[in-house]
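*Asks:* Give the three-dimensional model of this entry:
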Amino acid sequence: MIAVVSFVTLVSTTSAAMATVVVCWALHAGFVLGRWGELVFTARSANDALVLVVCALAA
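*Replies:* Sure, this is the predicted structure:
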């Protein structure tokens, strides 16, 4: 997911990168952390969202 966010950040706008962050976080929280596509709002998912946002803004 970090690679996808970084790539979109490099080739597109900040708003497109943030939209990519939202989609990547939802997929990660729904299918990796929470099984069967149910979004999970935990400290771990918040930390993962923060990492994705920092990655998008730092690149």
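
*Asks:* which residues sit in contact with the residue nearest to residue 48 when sequence neighbours are not counted?
*Replies:* Once flanking residues are discounted, residue 48 sits nearest to residue 28: 5.9 Å by Cβ to Cβ, 6 or more residues apart in numbering. (Glycine included, C-beta is placed from N, CA and C.) Neighbour list for residue 28: 1, 45, 48 [criterion: Cβ atoms under 8 Å, 6 or more residues apart in numbering].

*Asks:* For the last one, the count of nearby residues, please.
*Replies:* When neighbours are counted by other Cβ atoms under 10 Å, residue 48 registers 19.

*Asks:* which element is it on?
*Replies:* Using DSSP states H and E, residue 48 maps to helix 43-58.

*Asks:* what's the average pLDDT for that helix?
*Replies:* Mean pLDDT, taken over the full extent of helix 43-58, equals 95.

*Asks:* Sort out which residues of that helix are buried, please.
*Replies:* 45, 48-49, 52-53, 55-56 (16 or more other Cβ atoms under 10 Å).

*Asks:* quick one, what contacts residue 56?
*Replies:* By Cβ under 8 Å, 6+ apart, the residues touching residue 56 are 5-6, 8-9, 14, 17-18, 20-21.

*Asks:* Those into CSV, with extra columns for pLDDT, secondary structure and distance to residue 36?
*Replies:* Output for the contacts of residue 56, formatted as CSV (pLDDT from 0 to 100; DSSP: H, G, I helix; E, B strand; the rest coil; distance: Cβ to Cβ, whole Å):
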residue, pLDDT, secondary structure, distance to residue 36
5, 95, helix, 24
6, 93, helix, 28
8, 95, helix, 27
9, 94, helix, 30
14, 92, helix, 32
17, 95, helix, 28
18, 96, helix, 27
20, 96, helix, 23
21, 96, helix, 23
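
*Asks:* In PyMOL, select just the buried ones from the residues you listed.
*Replies:* In PyMOL syntax, the buried subset of these is picked out as below (16+ other Cβ under 10 Å):
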select buried, resi 5+6+8+9+17+18+20+21
